Structures are given as C-alpha cells and as structure tokens.
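Undergrad: Structure here, sequence nowhere to be found:
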C-alpha cells in the first residue's frame, strides 16, 4: 500500500512525484518504459565521427520501425534510443485524418527530449472558453495557478526577460540568453513597423546561471552546446531525470518501477474510490496490482485517456471517471510547421560566438492588439542566424583554392520563423479504444480521430502572411514558405482528453484536477487542459501537477479523500 501512485515519469509525473514525496507521502512512480540513468544513458558525448551515418537513421530502418517518430525534427541516430518503435507500438486513425503520435517510453519520458520553451498561460487564455463558447469553462483563473508557476519556475530554472505583457505573464526568470546583432535589428524593425507586436528572447528551461538549489541536485549552468535532445550530462536543462525525480528520491519516500505497463485503474463501487493500479510487466507480460490511497494520472494526454477508457467495470462501464462521456474528447494540438524563411541582405557585418538553447519568441498579438477574422491567436518561434561555409560549399561544384576561398566568406543572415496556433476544443476530435485490435500485452490500442477546423484554417493563412510581412519589414527577402499545417500530433503538444471544468456533465476534472466521479483520482498531464492557448504547454502541466499534489496531500491529511 502506497500513499500515492503516479502513472508516468515525464514532465507532469516527475513534478507530481517530487511534490507528493516532499509532503511526506510514500509515492510509487510507474513507468511503462525502460530505466534510464541521468548522464550514463545520454549520448551528448558523441562527436560527429562517433556517428557512422552522419547522424541519420538508415532509410530502410526508418521506414520499417519509425515511420511516425522519424517525422520529428529531433529524431536522429544519436537520439534514436529515446523514441518508440512504431512497429512495436501500433495505434490507428482514419485514412483521411492522420495523426502523428510522437512518443518516448523510458524513465523521464519526453522530458528528456522536449524543446524546453516555457511560457505561462494568461488570464485571457483561462477566460477564452467562457467568452466564445468553445470547450469547457476553466474552473480556475490565472490567479489560482500563478503561485504555482512561480514555484515551478524557481525549481526548474527558466531563462527569460520580463516584458510586462498581459497575454504572456512574466515569471521567476534567470537571465535571458541574449539576442545576436541581427536579431536585435530584426526586433527593432518589426516593433517599429508593428507597434502591437513584441520580439523577445525565447523563455527556455535551461540554466543560464545555475542557482544554489540547482547545484544541490548536481545541475550546472548551460554550456550552450545545442545538443539538448541527446540528454544533458550537466543537468543544464530541466528533465525528470536531472531534477524532479532526484529531488523526490532525496526525501526517502520514492519508489520507481520501470517496465510497468499500466493496464487499468481499479475502482471500488462501495467507497467510490480508486484503490490501485493493474500493471503488466513489459518483459514477462505477468500481471500484478499496486494499491494506493491517491492515484495521479500523468501518462500523457493520449496515454491517460487509454488507461481511463480501459478501466471499465460494472459500476463504470464506459471507463473510470467518465460519467460525462468526455474522456478522450477535445483532443488538441497546436498548429505547427507553418513557416517563413528569408535572407537578410542588410544584416550587420558581424558574427556571433557559440551556440544557444533558444531563439526568439513573438507573443500572440491577434485578437489582442490586432483584430482577426478568427478566434484565439498564435505566436511565432524562430531565430536569425548567419550562413557560413556550409551554404557556400555544400551541394555546389568546386575544388581547391576556389572552394577554400568560398568557404571562408560568411553568407547572409537568414531568418526562420514558425507559427504556433491555438486549436479550438472540439468534442469530435477524440481518442477511443479500438474495438478489436490489441497490442502485444493484450491492451486495446487507441484509435485517434483529429483534424483542424475552419477556424484553424483561417489562422494558418494569416500566420504565413504575418510571417512574410515581418521578414520584409526587417529588410529581408522571403525565399520559402511552408503553408500547409503539419499533421496533428507533430506539434507534440497533445492535450485535452480529460479536461477540467465547472460542470461535471461536460468535463472530467474539477478545479483541483480531481476527477468529478472519483475523489482520490487526479489527472495532471496534458489531458487536463480545457483549452490549449498558443503557448508551449509543459510549464502549465507542471504548475497544475504541483498544485494538485499540494491539494491531494492536504485532502488526504484531513481525511477528505
């Protein structure tokens, strides 16, 4: 018997475990994937000559085992170990509605590979559903979560600048990573041409300057190597392996079990509580049960929906916590891959030193300072970098002195910006269990049906137009655009399948991330999101996890659950 069981060890599961353990709860973390060790399991030590295929996975292997995972920008030979084999972990979707489910099954989950962009939702985001009628009204507002944003930011370490923007609240920041000369020029030009827009350093969970409480966990300042997707031996970016799980372990209250595939959550109709978790050993396929007083679902939006739907019983035939029928519905991802690229021929005659773990961010301005013919809005992420010898040499003929001379000349500055747009909650975008197909452990696979709507299509057109206008305003020449939104899922921001809400008939969770139907069941991963905003959501998952763990511990101590 554990005080708490946390399903999943990634972004939300790591923080939930830390907070529960620090409040004195004997906590079990169940991870369906294999064990990884901070540092020892990483590939950030590898040099180019350690990668015989130029860091590319052979095409035959890619097509056979990684047709979906291989679409992710971070999938390389050096990171291949972190991504699941699609051939071993099937799921289904309609032929006309493809969905790219990007996954990592190992201790630490996708916190090892995340892009680390860390932005708060604003009051505008928490009010949006109530104002325009799409989705379930959030049962909390910004003031409810703001202290937990503070708490998480201080712990994980977020580098950023204070800007005073209502649509993108400031936080507890480490010093920002500086812009280069061309980015500063781009910022000045864009803000002059479009007074309602701001260009700021990307807020990123990398330690620009490690603080004593980071160093106590063995973390140190970022070395600006830009190898983050391989894992960071320095612990310079936040992951479950580098910070939250070690913090939980030092309390003496943590137990971790890997290779433990959660089949379902056990429900007692007499007490109307969850009593434990059924698990299948990934290697032996043997079943076992763990009992707990409090259950936290942190297996990702799709993974958690699968577990909830598979937790069927006579008392809850549609799955646990699903009297509303909303489990699996309102699946969202951000509009992704809508990009503008341009050369900046009038950029400064300078260069920069080293690399950087982030770029620029242009916070949402549509339906804030500028109107739009669609609801909600989008932000841009990107950078301005100087072309070097690769641009002058690769793919072009030349030998000897002439080639050498070309490679010693710097190319022009190059701007790249990609829009991230908000996707409206839509109950028809959903996750269900396949009626006949199961995986090799006998668990029904998920069927995902998700597509962008008319609002998102309008937004996609405007993203490209705005991106082109900003590059041109900065003196740039647009050389390419990507006008088709990426397949849903490729944003890797899936959320909404067990949403929070005020009305138990239209939502799954209350203001404490507590299931309306099962008072000792808490869901704090992306499932809980009632809307997506346009900001990268992981910081919000972590803040919700810390907040819910605090309340769960208080409720348990008071005998309320």
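TA: Happy to help now that I have it. Bear in mind the structure is a predicted one, so any value in this text is a computation, not a measurement.
Undergrad: got a list of what residue 107 touches?
TA: Taking CB atoms under 8 Å, 6 or more residues apart in numbering, we find residue 107 in contact with 9, 31, 33, 34, 35, 36, 240, 241, 245, 256, 258. The way it works is simple: take the backbone N, C-alpha and C, and place the C-beta from them, glycine included.
Undergrad: Now it: phi and psi?
TA: Note on residue 107: backbone dihedrals following degrees, to the nearest 10 are phi -60, psi 130.
Undergrad: and it, what pLDDT?
TA: pLDDT for residue 107: 98.
Undergrad: Then residue 396?
TA: 79.
Undergrad: cool, and residue 411?
TA: Listed pLDDT for residue 411 reads 85.
Undergrad: wait, what's in contact with it?
TA: Contact criterion CB under 8 Å, 6+ apart gives 386, 387, 388, 391, 392 as the residues in contact with residue 411.
Undergrad: Narrow those to those in strands?
TA: When DSSP state E defines the strands, the subset of those inside them is residue 386.
Undergrad: Just give me the closest of the contacts of residue 411 to residue 273.
TA: residue 386 (59.8 Å; CB to CB).
Undergrad: Spit out the contact partners of that closest one.
TA: When contacts are counted by CB under 8 Å, 6+ apart, residue 386 touches 180, 182, 347, 351, 352, 410, 411, 412, 413, 414.
Undergrad: Counting neighbours, which of those comes out on top?
TA: Counting neighbours by other CB atoms under 10 Å, residue 413 leads those with 27 neighbours.
Undergrad: Enumerate every residue touching it.
TA: 182, 343, 344, 345, 347, 348, 384, 385, 386, 387.
Undergrad: I'd say residue 41 and residue 230 touch.
TA: No - counting by CB atoms under 8 Å, residue 41 sits too far from residue 230 to count as a contact (10.2 Å).
Undergrad: Give me the distance between the two termini of stretch 498-513.
TA: Counting by CA to CA, to the nearest Å, you get 10 Å between the two ends of stretch 498-513.
Undergrad: now it: how far from the chain's centre is it?
TA: If you compare the mean C-alpha spot of stretch 498-513 with that of the full chain, they lie 21 Å apart, counting by CA atoms, centre = their mean, to the nearest Å.
Undergrad: neighbours around the residue lying closest to residue 202 once chain neighbours are set aside, how many?
TA: For residue 202, ignoring the flanking residues on the chain, the nearest one in space by CB to CB, 6 or more residues apart in numbering is residue 358 at 3.7 Å. By other CB under 10 Å, the residues close to residue 358 number 25.
Undergrad: Look up how far residue 442 lies from residue 358.
TA: Taken as CB to CB, to the nearest Å, the spacing of residue 358 relative to residue 442 amounts to 43 Å.
Undergrad: try residue 350
TA: Residue 350 sits 61 Å away from residue 442 when distances are taken as CB to CB.
Undergrad: Same check on residue 457?
TA: According to CB to CB, residue 457 stands 40 Å off from residue 442.
Undergrad: and of the contacts of residue 386, the nearest to residue 510?
TA: The shortest gap between residue 510 and any of the contacts of residue 386 belongs to residue 180, at 46.4 Å (CB to CB).
Undergrad: How about the contacts made by that closest one?
TA: Under the criterion of CB under 8 Å, 6+ apart, the contact partners of residue 180 comprise 350, 352, 384, 385, 386.
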